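[1] Could you look at this predicted model? Sequence included:
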Number of protein chains: 2
Amino acid sequence: MSTIRDVAKVAGVSVATVSRVLNNKGYVNEDTRKKVEAAIHSLNYKPNSVARSLFKKKSKMIGLIVPDITNPFFPQLARAVEDVTNHSGYTLVLCNSDEDIIKEQEYIEVLNQKYVDGFIIVTSTLKAEHIKDLKVPIVALDRPINLDTPTVSVNNYEGSRLATKFLCDTGCQKIAHVRGPYNVLNADERCRGYLDEVQDLDWFRPELVVNGNFNINKTKEIAKELLTLHPDIDGIFAGNDLMAVGVIKAAEELGIKIPEQLSIIGFDGITLCETTSPELTTIAQPIYNIGSKAVQILVDLIENRPLEQNNYTFSVELIERQSTKPR
Amino acid sequence: MSTIRDVAKVAGVSVATVSRVLNNKGYVNEDTRKKVEAAIHSLNYKPNSVARSLFKKKSKMIGLIVPDITNPFFPQLARAVEDVTNHSGYTLVLCNSDEDIIKEQEYIEVLNQKYVDGFIIVTSTLKAEHIKDLKVPIVALDRPINLDTPTVSVNNYEGSRLATKFLCDTGCQKIAHVRGPYNVLNADERCRGYLDEVQDLDWFRPELVVNGNFNINKTKEIAKELLTLHPDIDGIFAGNDLMAVGVIKAAEELGIKIPEQLSIIGFDGITLCETTSPELTTIAQPIYNIGSKAVQILVDLIENRPLEQNNYTFSVELIERQSTKPR
DNA sequence: ATGAAAGCGCTAACAG
DNA sequence: CTGTTAGCGCTTTCAT
């Protein structure tokens, strides 16, 4: 590996001049520039990014922390984030926190040491106090951290009303909700949307809301219980697609026909919806767009461009497939 | 952020001494060590890892390059790799190459600049020539790169014979194979296993092997065609689980009952197998173990411990579910 | 056992 | 327009 000194020597100039042409900064005569470029080329010189980082306290890396890389929603999201990150001239470091605040903090610590330029974080555990000492910008994705932190998410409340209304409109008479974990804001919002849509209807009972914890197997068990206890349930809105799959599994084991006897609708719009039988009707998030927007905002912040807004809320869309009756 | 100088000043010693206690290296008097540790503590000092990297040309990071993070096999693998990486005191940088040799090379280039200590690579495009200049160790995972590069994979050939034999044993009379992309070694091996098992049987025809490219939708289309052309096919071995799902979809659209009329078996053993209806019989790889072993080897290489073997081949296991007839 | 000083490869004043 | 030089924060000889 050749260094800036080697280039300077070959080009017959000083390291400062080489640095200037490298960074397109300051005056440099056209002829010397040519000489330097030739030297760079002939030596196949690449500036050492660690040395650069040490001086600049920047790294051209951004960190993405997600709670569970094995939930297909996050690879799809990460894919979008990676794309835009690369196109913006940065490198993505993808970290999996297991929703564990210790791991989250360790990753933040390590990456911070490495001078990452910013973070995109999906978290329900990290609070304002945990990030207040960070000198680099942060964008909260999917779930807000606090009001000060720029946030990109979708309209979970509207989406869940849409889902619930759709079940009503297609003839469901008793609709249950399998919600995600408490204190995960999107799960709470989706639950609130469901409640606001149905809680004044005469068939409504609080027992129709159960917690599936964003987990297939947990949901399968709890849905079996629910459907056994209330055999007249004919519609279930699951707080995410993973849990909707759990509901399908439960119905299957109980010999309940979908959608004839039971309609199911999920939330997220991951590709998994198309692999189940029946394929899953869902409220689809614009996954690529939210990932992409989060990076754009972060890069704007890193490069000191002012933000137009602090919060971006995307809208969701109902995608009708086979797990619900046609409208 | 305090520096080693601040610590030295507070402790009343030189930076060299601080460095010595930091690294547990060289002689340092017990009392001075205490003083230094106290200073470190009181300043909440953390050594700057970029400065350290610059000097040592190491970074305590390892890079993992996978071809497609949205194929659920890779998140599961990445999860294992991340786990062991962290436990070994390293940080994982997860990169998605889209099977694109340009992106692979860019990632290698960038990470190399950042002094990553080693790479774990899953690739079918990268060849020996592309990595020969790398000074850091590399481990090939899932797919070999060349004979010199330590490789961790599974016995694809045996696994596919096992799958094919199982279809025969459960009464299938005409078995087709949906293979993965050409020149992806595991796809080639799985195809070879199938062929060696059936090509001498009288019903065998070369047209029974079709290419699904490791892709659900591609497979669905091609399987519909195949099953229409050869309605007497009663067993399909798919080269991975994703393609097996494509086959399920195709059968569904054609009104073919699984497993009564058609048995399907996949390969990989990803969790997706349990979300389909019927659930998918598959040849399961020990995903966690292969990821884990790859890291162990890489870390041994990085830390100059000799390798016991250059190649680790794990065995696979048949998991019977609902997409095949019981034995 | 400890300290002074050189240097990892780069950038940015500052001087000329 | 170009060169000299002082760091960025750390590790490691080499003296003492």
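    It's in.

[2] Could you pull up the mean pLDDT of the helix or strand hosting A:Lys220?
    Per DSSP states H and E, A:Lys220 falls inside helix A:216-229. For helix A:216-229, mean pLDDT is 97.

[3] Sheet partners, orientation included, of the following helix or strand past that helix?
    Per DSSP H and E, the first helix or strand lying C-terminal to helix A:216-229 is strand A:235-238. Partner strands and pairing direction for strand A:235-238 (DSSP bridges) are strand A:175-179 (parallel), strand A:263-268 (parallel).

[4] Stretch A:155-163: which residues count as buried?
    Residues of stretch A:155-163 classed as buried: A:Asn155, A:Asn156, A:Tyr157, A:Gly159, A:Ser160, A:Arg161, A:Leu162, A:Ala163 (neighbour count, 16 or more other Cβ atoms under 10 Å in any protein chain shown). Heads up, the C-betas are built off the backbone N, CA and C, glycines and all.

[5] And A:Trp203, how far from A:Cys191?
    Separation of A:Trp203 from A:Cys191 (Cβ to Cβ, to the nearest Å): 18 Å.

[6] follow-up on the earlier one: among the strands paired with strand A:235-238, show me which one is buried the most.
    The highest mean neighbour count among the strands paired with strand A:235-238, using mean count of other Cβ atoms under 10 Å in any protein chain shown, belongs to strand A:263-268: a mean of 29.

[7] what distance separates that strand from the centre of its chain?
    Here strand A:263-268 shows a centroid-to-chain-centroid distance of 19 Å under the convention Cα atoms, centre = their mean, to the nearest Å.

[8] how far off helix A:216-229 does it point, in degrees?
    150 degrees (axes from the mean of the first three to the mean of the last three Cα atoms, to 10 degrees).

[9] same for the next helix or strand after strand A:263-268, what does it pack against?
    Once strand A:263-268 ends, the next helix or strand along the chain (criterion: DSSP H and E) is strand A:281-284. If contacts are counted by 3 or more Cβ pairs under 8 Å, 6 or more residues apart in numbering or on different chains; DSSP states H and E, strand A:281-284 sits against helix A:156-169, strand A:263-268, strand A:317-319.

[10] need the contact list for the residue of the stretch 151-300 of chain A found nearest chain B.
    Residue of the stretch 151-300 of chain A nearest chain B, by Cβ to the nearest Cβ: A:Ser277 (4.3 Å). With contact taken as Cβ atoms under 8 Å, 6 or more residues apart in numbering or on different chains, A:Ser277 is in contact with A:Gln322, B:Ile248, B:Lys249, B:Glu252, B:Thr276, B:Ser277.

[11] What does it show for phi and psi?
    Main-chain torsions, A:Ser277, degrees, to the nearest 10: phi -130, psi 120.

[12] what domains does the record give for chain A?
    A:4-47, A:61-154+A:287-314, A:156-286 (automatic domain parsing).

[13] Looking at these, which is nearest to B:Pro326?
    domain A:156-286 (17.7 Å; Cβ to Cβ).

[14] Point out the residues in chain A that sit beside DNA strand C.
    By Cβ under 7 Å from any atom of the strand, the residues of chain A that approach DNA strand C are A:1, A:3-5, A:15-16, A:19, A:22-23, A:25, A:45, A:47-48, A:51-52, A:54-56.

[15] Return the members of these classed as buried.
    The neighbour-count test (16+ other Cβ under 10 Å) applied to the residues of chain A next to DNA strand C identifies A:Ile4, A:Ser19, A:Leu22, A:Tyr45, A:Asn48, A:Ala51, A:Arg52, A:Leu54 as buried.

[16] out of the residues you listed, which touch DNA strand D?
    A:Ala51, A:Leu54.

[17] Tabulate the buried ones among the residues of chain A next to DNA strand C (TSV), appending pLDDT.
    Output for these, formatted as TSV (pLDDT from 0 to 100):
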residue	pLDDT
A:Ile4	95
A:Ser19	96
A:Leu22	95
A:Tyr45	95
A:Asn48	95
A:Ala51	97
A:Arg52	96
A:Leu54	96
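
[18] one step back: out of the contacts of A:Ser277, flag the one nearest to DNA strand D.
    Nearest to DNA strand D, judged by Cβ to the nearest atom of the strand, of these is B:Thr276 at 51.7 Å.

[19] how close does the residue nearest to A:Arg161 when sequence neighbours are not counted sit to B:Lys174?
    Leaving aside its sequence neighbours, A:Arg161 sits nearest to A:Gly193 (Cβ to Cβ, 6 or more residues apart in numbering or on different chains; 4.4 Å). Going from A:Gly193 to B:Lys174 by Cβ to Cβ gives 51 Å.

[20] helix, strand or coil for A:Leu307?
    Following DSSP: H, G, I helix; E, B strand; the rest coil, A:Leu307 is assigned to coil.

[21] The residue nearest to A:Arg161 contacts A:Tyr157, correct?
    Yes. With contact defined as Cβ atoms under 8 Å, A:Gly193 and A:Tyr157 form a contacting pair (4.5 Å).

[22] filter the residues of chain A next to DNA strand C down to the ones near chain B?
    A:Asn48, A:Ala51, A:Leu54 (Cβ under 8 Å from any Cβ of the partner chain).

[23] Wait, A:Ala251 touches A:Glu260, no?
    No. Assessed by Cβ under 8 Å, A:Ala251 is found out of contact with A:Glu260, at 10.6 Å.

[24] Neighbours of A:Ala78, how many?
    By other Cβ atoms under 10 Å in any protein chain shown, the residues close to A:Ala78 number 25.
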